[in-house]
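Peer 1: Predicted model follows, preceded by the sequence.
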Amino acid sequence: MGDEALRAAYRALEEEAGDYADPGKAVAIVRRRRLAVVGATVAVLAIASGLWFARAAPTQEISVATPPSSAGQSIHTACMHGCPTYLTLTDGRQVLLGERTAPPPGNLTLSPDGRWLGTPTATAFQLKDLTGTTVYESPPAGPGEVIGPWAWSADSRTLLLASHASGDVSAYYLLDLTTGQATKAEVPKGFEPVGLAQGELVLFDESQYGKRATKVELTVGGRPITFDAGDAELITADGGPSLVVREDRVYALAPATNTMIEFGLDGKELTRYQLGGQPLAPSKAGYVVSDAGKVSASGQQLFALPPDSQIVVPGMARH
């Protein structure tokens, strides 16, 4: 097995299990969730138990009285297990978030503008304003569940959260970061929200999971829209699509070729491009990717971290 295949398998497992309450169930559902990693996954499952199937450890407090007063550039931990997790600010300073945390994706998040840092607590999910003193918290998680970040609005004003155990979601919440008010999001049974567009939830019909397809049908404001990638497979036999929504754009990954396809909300394909690494999140500079710790967008390196780092950049959440 190649090093890149092993890293890819770890990444897929981490995304699916890093913030789950029940490790056994998390392993059982890895195959049916978004990105399938064929072959390498089996080997990783054999050694993964106990490595990072845990909620993030309590974070070190970022003082409300003396906030960093600088936006977040990234969150990272340098290894899969046991390494400390750091927040790097846009002015270059680093803040220790935890000594022995689970890898950050799925547990921690930064808003697209880098202003808000999201971290789990014992019972809920907390958002801190890195440039001010405001702290907001989600409603409490259900029994045996954890609260995790699901999707950001493009303007960083809204975060969609989910209370879930091993992928089974009992409730979604929309946290308004202009007021701190959290409201329960009404999601029809059998659908999964994959983003926010123009104030509306973008919904994916879960019956499409595991059915190989080059087309994905999403629903926006009750209106079904088909996204046709032509010859590029967006849904694999082992999982579902990897989708990120940013206002009036839907980014869909064709995993077999690591190609990102950008659609408009009308379903029309706008452009497609080959990614030079693991996709992280769209940004104004282009789609941000990581290649052995080198983080770049549109071919321009933004910063570099240790090769095996688990990385969160602004705007990253489950979708």
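Peer 2: In hand now; what should we look at?

Peer 1: And stretch 154-163, what's buried?
Peer 2: 154, 156, 157, 158, 159, 160, 161, 162, 163 (16 or more other Cβ atoms under 10 Å). All C-beta spots, glycine's among them, are computed from the backbone N, C-alpha and C.

Peer 1: Relative to residue 248, how far out is the third one?
Peer 2: Same thing as residue 157. 16 Å (Cβ to Cβ, to the nearest Å).

Peer 1: repeat for residue 203
Peer 2: Distance from residue 203 to residue 248, by Cβ to Cβ: 17 Å.

Peer 1: ok, those two, which is more surrounded?
Peer 2: Of the pair residue 203 and residue 248, residue 203 is the one with more neighbours under other Cβ atoms under 10 Å, namely 21 against 12.

Peer 1: Now do the contacts for the more buried one.
Peer 2: Contact analysis of residue 203 by Cβ atoms under 8 Å, 6 or more residues apart in numbering lists 187, 188, 191, 192, 193, 194, 218, 219, 220.

Peer 1: how about 6 Å then?
Peer 2: 191, 193, 219 (Cβ atoms under 6 Å, 6 or more residues apart in numbering).

Peer 1: now the residues you listed as TSV including neighbour count, secondary structure and pLDDT?
Peer 2: Output for the contacts of residue 203, formatted as TSV (neighbours: other Cβ atoms under 10 Å; DSSP: H, G, I helix; E, B strand; the rest coil; pLDDT from 0 to 100):
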residue	neighbour count	secondary structure	pLDDT
191	16	strand	95
193	24	strand	96
219	17	strand	96
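
Peer 1: With respect to residue 86, which of the residues you listed is nearest?
Peer 2: Residue 86 lies nearest to residue 193 out of those, by Cβ to Cβ, at 30.0 Å.

Peer 1: Report the contact partners of that closest one.
Peer 2: 187, 201, 203.

Peer 1: cutoff 8 Å now
Peer 2: Residue 193 makes contact with 150, 151, 160, 172, 185, 187, 201, 202, 203, 204, 319, according to Cβ under 8 Å, 6+ apart.

Peer 1: do the same with residue 266
Peer 2: Residues counted as contacts of residue 266 (Cβ under 8 Å, 6+ apart) are residue 225.

Peer 1: number of nearby residues for the nearest residue in space to residue 228 that is not next to it in sequence?
Peer 2: Nearest residue to residue 228 in three dimensions, chain neighbours excluded: residue 215, at 4.8 Å (Cβ to Cβ, 6 or more residues apart in numbering). With neighbours defined by other Cβ under 10 Å, the count for residue 215 comes to 15.

Peer 1: wait, what's in contact with residue 215?
Peer 2: 226, 227, 228, 229, 234.

Peer 1: With neighbour count as extra columns, can I get these in JSON lines?
Peer 2: Below are the contacts of residue 215 laid out as JSON lines (neighbours: other Cβ atoms under 10 Å):
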{"residue": "226", "neighbour count": "10"}
{"residue": "227", "neighbour count": "22"}
{"residue": "228", "neighbour count": "16"}
{"residue": "229", "neighbour count": "21"}
{"residue": "234", "neighbour count": "23"}
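
Peer 1: In the residues you listed, find the pair that's most separated.
Peer 2: 226 and 234 (11.3 Å).

Peer 1: where do the contact lists of these two overlap?
Peer 2: By Cβ under 8 Å, 6+ apart, the residues touching both residue 226 and residue 234 are 215, 216.

Peer 1: how about the helices in this protein?
Peer 2: 3-17, 23-29, 40-48 (DSSP state H).

Peer 1: ok, the contacts of residue 203 vs residue 98, which is closest?
Peer 2: The closest of the contacts of residue 203, once distances to residue 98 are taken by Cβ to Cβ, is residue 193, at 28.2 Å.

Peer 1: what's the spacing between that closest one and residue 263?
Peer 2: 17 Å.

Peer 1: Same check on residue 319?
Peer 2: In terms of Cβ to Cβ, residue 319 sits 15 Å off from residue 263.

Peer 1: More neighbours: those two, which one.
Peer 2: residue 263 (25 against 22).

Peer 1: Skipping its backbone neighbours, what lies nearest that one in space?
Peer 2: Nearest to residue 263 is residue 250, by Cβ to Cβ, 6+ apart, at 4.5 Å.
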